[in-house]
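[1] Next one to model:
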Amino acid sequence: MNELVEAADDKQLGKTIARYGHVALLKIDELGYLELDRRGAEMLFQVLTEREEKNSIAVASNEAFTGWSKTLTDPRLCAAIVDRLTFNATLIETGTESYRLARSEANKSDGTK
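    Residues are numbered from 1 along each chain as shown. Next up, the predicted model:
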């Protein structure tokens, strides 16, 4: 998001969004962790729209879609982003337990780091 904001400020947003549109896989980690203001959410929507039905997106979030309204505070924009991400998508739900925490606990019990 920081790169998108900087690109917008430098009047290079279109170029940056196009670049994000062409990478084979866009990974978005921890979506739902930090609140996005309307401007950030709009830019995320633009990136997702640029990639729509062209290239893959992988999103990791500890928050269910129903909780994304806390991160993406505009309800219509939140719904549009969820719609973009879920259209023709494969959703993999791993549960509520943190993978990192479970891995750390497993490493402690078997003596590895």
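[2] Secondary structure element for the residue lying closest to residue 3 once chain neighbours are set aside, which one?
    Excluding the flanking residues, the one nearest residue 3 by CB to CB, 6 or more residues apart in numbering is residue 16, at 6.5 Å. (Glycine included, C-beta is placed from N, CA and C.) Using DSSP states H and E, residue 16 maps to helix 13-22.
[3] same thing with residue 7?
    Element membership for residue 7 (DSSP H and E) is helix 2-9.
[4] the inter-axis angle of that helix versus helix 13-22?
    150 degrees (axes from the mean of the first three to the mean of the last three CA atoms, to 10 degrees).
[5] mean confidence score for helix 2-9?
    Average pLDDT, helix 2-9: 91.
[6] Against which helices or strands is that helix packed?
    When contacts are defined as 3 or more CB pairs under 8 Å, 6 or more residues apart in numbering; DSSP states H and E, helix 2-9 packs onto helix 13-22, helix 38-51.
[7] Which strand residues bridge the residue nearest to the spatial centre of the chain?
    Of all residues in the chain, the one closest to the mean position by CA atoms, centre = their mean is residue 28, 3.8 Å from it. When bridges are called by DSSP bridges, residue 28 pairs up with residue 59.
[8] mind checking how far it is from residue 44?
    Going from residue 28 to residue 44 by CB to CB, to the nearest Å gives 8 Å.
[9] Over to residue 91?
    From residue 91 to residue 44 the distance is 18 Å (CB to CB).
[10] cool, residue 65 as well?
    From residue 65 across to residue 44, the span is 15 Å (CB to CB).
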